[in-house]
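K.L.:
can't give you the sequence, but here's the structure:
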């Protein structure tokens, strides 16, 4: 009889566990950025535009005060998200002169989260709909 009781308990318990094991929504942390505080950068030259999952990356150079060049890196939303808001893998090309806004890295490194870009023709593209929106997994 104990074998019957254990089966009658185990089978329903496994069924409940299977039903509850639905995929959850993942969330990538934005804790490394000064989220919500946009910093402007002018005179940036696109070095590389990586249209990759799970996040895009933008690498630019800017003139430094001492006449040298500084290299900066910016994380962005996924290609899936950006494609729905007007971006494409051809939006930026090496050598493009752009202005951009970003949320800086809290540790002071040269980079952050790319918020928007302004192309030479004046067209501006944003990564998020509002400054308070945080990224969702794509």
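P.N.:
Yep, that arrived. Computed from a predicted model, the values in this text were never measured in an experiment.

K.L.:
Walking through the protein, point out its helices one by one.
P.N.:
For the chain, the helices defined by DSSP state H occupy 2-20, 79-83.

K.L.:
Which of those helices has the lowest mean pLDDT?
P.N.:
The weakest mean pLDDT among the helices of the chain belongs to helix 2-20, with a mean of 54.

K.L.:
The nearest residue to residue 38 once chain neighbours are set aside: what's it in contact with?
P.N.:
Distances taken as CB to CB, 6 or more residues apart in numbering place residue 101 nearest to residue 38, at 4.5 Å, with adjacent residues excluded. (Glycine included, C-beta is placed from N, CA and C.) Going by CB atoms under 8 Å, 6 or more residues apart in numbering, residue 101 touches 38, 39, 40, 41, 114, 115, 116.

K.L.:
my guess is the first one meets residue 99, correct?
P.N.:
No: using CB atoms under 8 Å as the test, residue 38 is too far from residue 99 to be in contact (11.9 Å).

K.L.:
quick one: contacts for residue 84?
P.N.:
Residue 84 touches nothing, counting by CB under 8 Å, 6+ apart.

K.L.:
What confidence value was assigned to it?
P.N.:
92.

K.L.:
Sketch out the low-pLDDT regions of this structure for me.
P.N.:
Residues of the chain that meet the criterion pLDDT under 70 lie in 1-28, 130-138.

K.L.:
Counting neighbours, which of the contacts of residue 101 end up buried?
P.N.:
41, 114, 115, 116 (16 or more other CB atoms under 10 Å).

K.L.:
got those residues as CSV, with distance to residue 108 columns?
P.N.:
Below are the buried ones among the contacts of residue 101 laid out as CSV (distance: CB to CB, whole Å):
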residue, distance to residue 108
41, 15
114, 18
115, 18
116, 22
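
K.L.:
Out of those residues, which is nearest to residue 57?
P.N.:
residue 114 (8.7 Å; CB to CB).

K.L.:
Double-check the closest one against residue 102; I have them as touching.
P.N.:
Yes: the pair residue 114 and residue 102 qualifies as a contact (CB under 8 Å) at a distance of 5.3 Å.
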